[in-house]
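# sequence plus the predicted model coming up.
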Amino acid sequence: MNKIFVTRKIPERGIGALKKAGFAVEVNPDDKVLSKDELVAWLKKGSYDAVFCLLTDKIDADVFAAAGKQCKIFANYAVGFDNIDLAAAKSAGMMVSNTPGVLTDTVAEHTFALMLAIAHRVAEADKFAKAGKYHGWEPMMLLGTDLSYKTVGILGLGRIGSRVAYHAAKGFNAKVIYYDVKRNEEFEKEMVDLKGSPQAIFCETPELLLSQADFVSIHVPLLPATRHLIDASRLKMMKPTAYLINTSRGPIVDEKALAEALENNIIKGAAIDVFENEPAIELGLIGLDNVILTPHIASATEETRSKMAELAAENIIAALSGQLPPNLVK
């Protein structure tokens, strides 16, 4: 019987799918992030045929070696896979899979939740009301910013970025500008209004986008080229009335530079779901009223997390059946 190790508690749908396939499933009983040494120890003693891992698990050559030759796949419970050393996986002959697609709408929704919340000062207003400071309507109290008809800049037009762009244009009548390593003319053809006018315009450089956008939403993957893509110099290129939203990966933004920019009103506000050194958060961000922080929950709905678990399980089932996983990372 094939044995599967799951590095942390996940939605039951994924466990059920593995058991239904006839696999023995062992879940980390402590429901905590395993250190590298702890993960290696589990794998060495377990002789597992597959590992169901999370983005908080750092997977490198030592971990693959501990898994042994009988292990066929590390199925990552995430779209991103920057936690896994793909070169080491290739050397070890290990398959790696991810869970794309199923969380696109959910992350796009959370992006707009953050965008609207920071623009309309929802967190500030909630804190204000709960502190007993509300004594009646005032014409100048907690004035925010409209999203409708503004310019929304999308950095990275992948699945999630294109969905955010669609909602911005179709739902809020926003002008969408985007930057990606490659222009997407097919997407531009789809993004036109009833008069045939373009609703998505390509920017040749990130700098051009940053200088024009009222809202900047980050959706690029974490790569060496995108680490600190948003740094102090690029923050200064943004409008002083602009907002920065990040639901992608924390290290794409220089958090110290962002804290300084917010404190000094270089930009108007930011809403961040991912952090440079998770779970640590830059202390300079904490306590600022013009930033909203959520703890990496952009995909955290019951529906989506269950779908992710099921998809990761399907990748394992395929791999152990002698087939290529449907979401093999190449």
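Sure thing, it's come through.
# hey, where'd the strands end up in the stretch 151-300 of the chain?
When assigned using DSSP state E, counting those that start in this stretch, the strands of the stretch 151-300 of the chain occupy the ranges 151-155, 175-179, 200-202, 215-218, 243-246, 269-272, 291-293.
# same question, the stretch 1-150 of the chain
Taking DSSP E, counting those that start in this stretch as the criterion, the stretch 1-150 of the chain carries its strands at 3-6, 24-27, 50-53, 73-76, 95-97.
# let's have these in TSV, adding distance to Glu138 and mean pLDDT.
The C-beta positions use only the backbone N, C-alpha and C, and glycine is treated the same way. Shown next, in TSV, are those (distance: least, C-beta to C-beta, whole Å; pLDDT from 0 to 100):
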stretch	distance to Glu138	mean pLDDT
strand 3-6	53	98
strand 24-27	53	97
strand 50-53	52	98
strand 73-76	50	98
strand 95-97	54	98
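# mind checking pLDDT for the spatially most central residue of the chain?
Compute the mean C-alpha point of the chain, and by C-alpha atoms, centre = their mean the closest residue is Ser248, 3.5 Å away. For Ser248, the model assigns a pLDDT of 97.
# from Ile118, how far out is it?
As defined by C-beta to C-beta, to the nearest Å, Ser248 lies at a distance of 16 Å from Ile118.
# so what are the domain limits for the chain?
What the record gives for the chain is the domain set 3-101+302-320, 104-293, from automatic domain parsing.
# among those, which comes closest to Leu328?
Minimum separation from Leu328 across the domains of the chain (C-beta to C-beta) falls at domain 3-101+302-320, 5.5 Å.
# now do that closest one: distance from first to last residue.
Distance between the two ends of domain 3-101+302-320: 10 Å, counting by C-alpha to C-alpha, to the nearest Å.
# equivalent analysis for stretch 79-97, please.
Stretch 79-97 has an end-to-end distance of 9 Å (criterion: C-alpha to C-alpha).
# roughly how far out does that stretch sit from the chain middle?
Remark: stretch 79-97 is offset 19 Å from the chain centroid, using C-alpha atoms, centre = their mean, to the nearest Å.
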